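In: here's a sequence, model it:
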Amino acid sequence: MGLFTKGLGYLPHLGVLLLAALPLLLPVACSSTYQKPLTVGTNVWIGNEPLYLARSLGYYDGSRLRLVELSSNTQSMDALRSGRLDAASLTLDEALTLVAEGVPLRVVWVLDVSAGADAVLGRAGVETLADLRGRRIGVEQTATGAYLLDAALHRAGLTPTDVDIVPLPVDAHIEEFRKGRVDALVTFDPSRLSLLNEGAHALFDSRQLPGEIVDVLVVRDEALKCCAEDIRRLIAGQQRALAYLARHREDALARMTPRLGLPPAGVAQSLSGLVLPDMPYNRALIGGSTPVLQASAQRQATLMQQHGLLATAPDTRGLLDGRFTRDEAAK
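Out: Residues are numbered from 1 along each chain as shown. This is a model prediction of the structure:
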């Protein structure tokens, strides 16, 4: 789940071409004579699939919405920086990175909450968290990876100095684990599922950190000013898709299969590691006077600074925009 390179390797050439084409296809600003589509960057990740399910079901027909399929969240971040995207699905730590850089954006919706999809896996001989002492642990150099690993080590009474941390990009996770170059791995789906099916076992996962590891929809301030109705339609479609998934599960899973490259049973297994928040859950997370995600965002910002991922921890008090959690249309 939720990291800088989630989905890395999926049609990278197409993602680059789509991003390059956006400035040619779309005027930069909204106007009275032409309203540009709301461009939303995503990559191949199970938590984004309800957006594509909504599109498949026709919920966005006739709307000014464009889902832009990219190969990684890194591409989405670059496009948000330059204004080539209006919105994107990112991990919370990625949103914090952009805010710290001064990119004007807000978190407006929580798309998914990891509930097992992110995990610390061990190979044979590493049966418990205590067995990690002195072992090589592969992990992406992101806040989410650091956050999960820190929590796992703390649970075992260990510190980072007690283990050998191996920086490892997500596209190398499976190969390095298979070849025995790491004894344990901090990873997420679909790599997690593949390795579990090959005999790896989970030592720790995001179920021990309820509500802490999330993917969010971020929107640039300009789009919030001019295109709030389009954002409402985007969220309403996603919520309708979740209702369709609950009522017509087999058809919904089949519709999700092509993009994910998994059989329906694999899609279902991936979904089991996530919570897909409805309106009331989103209202608790980012709405109201004391949103739950506010404290989590500040903790992650502090951790990122401690790990050198941010020069300074940004003030997260203005990060969340809960206006859409009050919309009846998104129910």
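In: distance of the closest residue to Val216 other than its chain neighbours relative to Leu224?
Out: Computed as Cβ to Cβ, 6 or more residues apart in numbering, the closest residue to Val216 that is not its neighbour in sequence is Val107, at 4.6 Å. Every residue, glycine included, has its C-beta placed from N, CA and C. Val107 sits 11 Å away from Leu224, going by Cβ to Cβ, to the nearest Å.
In: give me the common contacts of those two.
Out: Residues touching both Val107 and Leu224 (Cβ atoms under 8 Å, 6 or more residues apart in numbering) are Asp321.
In: of these two, who's got more company?
Out: Using other Cβ atoms under 10 Å as the criterion, Val107 and Leu224 rank with Val107 on top: 26 against 19.
In: which residues does the top helix by length along the chain contact?
Out: Scanning the chain for the longest helix, with DSSP state H as the assignment, gives helix 228-247. Residues outside helix 228-247 that contact it (Cβ under 8 Å, 6+ apart): 37-38, 40, 50-51, 53-55, 57, 59-60, 63-65, 87, 108-109, 111, 217, 219, 223-224, 252-253, 276, 278-279, 323-324, 327, 329-331.
In: residue contacts, the residue nearest to Val216?
Out: Taking Cβ under 8 Å, 6+ apart, one finds 92, 95, 216-218, 286, 293, 297, 319-321 in contact with Val107.
In: the residues you listed in helices, which ones?
Out: Using DSSP H, the contacts of Val107 in helices are 92, 95, 286, 293, 297.
In: in helices, which of the contacts of helix 228-247 fall?
Out: Those of the contacts of helix 228-247 mapping onto helices are 50-51, 53-55, 223-224, 252-253, 279, per DSSP H.
In: follow-up on the earlier one: mind giving me the PyMOL select for the ones in helices among the contacts of Val107, buried ones only?
Out: Applied in PyMOL, the following selects the buried portion of the ones in helices among the contacts of Val107 according to 16 or more other Cβ atoms under 10 Å:
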select buried, resi 92+95+286+293+297
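In: looking at the ones in helices among the contacts of Val107, spot the one nearest His173.
Out: Proximity of these to His173 (Cβ to Cβ) peaks at Leu92, which lies at 20.9 Å.
In: quick check on the closest residue in space to that closest one that isn't next to it in sequence: phi, psi?
Out: The shortest distance from Leu92 to any non-neighbouring residue, by Cβ to Cβ, 6+ apart, is to Val214 (5.3 Å). Backbone torsions of Val214, given as degrees, to the nearest 10, read phi -140, psi 160.
In: for Val214, give me its contacts.
Out: Counting by Cβ under 8 Å, 6+ apart, Val214 has contacts 2, 91-92, 110-114, 285, 293, 296.
In: scan those and report the most crowded one.
Out: Most crowded among the contacts of Val214, counting by other Cβ under 10 Å, is Gly2 at 31 neighbours.
In: dump the residue contacts of His173.
Out: Contacts for His173 were tallied using Cβ under 8 Å, 6+ apart; they are 138, 185, 187, 191, 195.
In: doesn't the second one belong to a helix?
Out: What it means is Leu185. No. If the criterion is DSSP: H, G, I helix; E, B strand; the rest coil, then Leu185 is strand and not within a helix.
In: do I have it right that Gly199 meets Gly122?
Out: No. Here Gly199 lies out of contact with Gly122, judged by Cβ atoms under 8 Å, at a distance of 10.5 Å.
In: so for those two, which residue has more residues nearby?
Out: A count of neighbours by other Cβ under 10 Å puts Gly122 above the other of Gly199 and Gly122, at 24 against 8.
In: name whatever forms a beta bridge with that one.
Out: Ala184, His201 (DSSP bridges).
In: ok, now which ones touch Leu168?
Out: Taking Cβ under 8 Å, 6+ apart, one finds 138-140, 176, 182, 185 in contact with Leu168.
In: please read the previous query as pertaining to Pro210.
Out: 113, 115.
In: just the pLDDT at it, thanks.
Out: pLDDT recorded at Pro210 is 82.
In: looks to me like it is in a strand.
Out: No. Applying three-state DSSP, one finds Pro210 to be coil, outside a strand.
In: how near is Leu85 to Arg66?
Out: As defined by Cβ to Cβ, Leu85 lies at a distance of 10 Å from Arg66.
In: anything in contact with each of the two?
Out: Shared contacts of Leu85 and Arg66 (Cβ under 8 Å, 6+ apart): 39-40.
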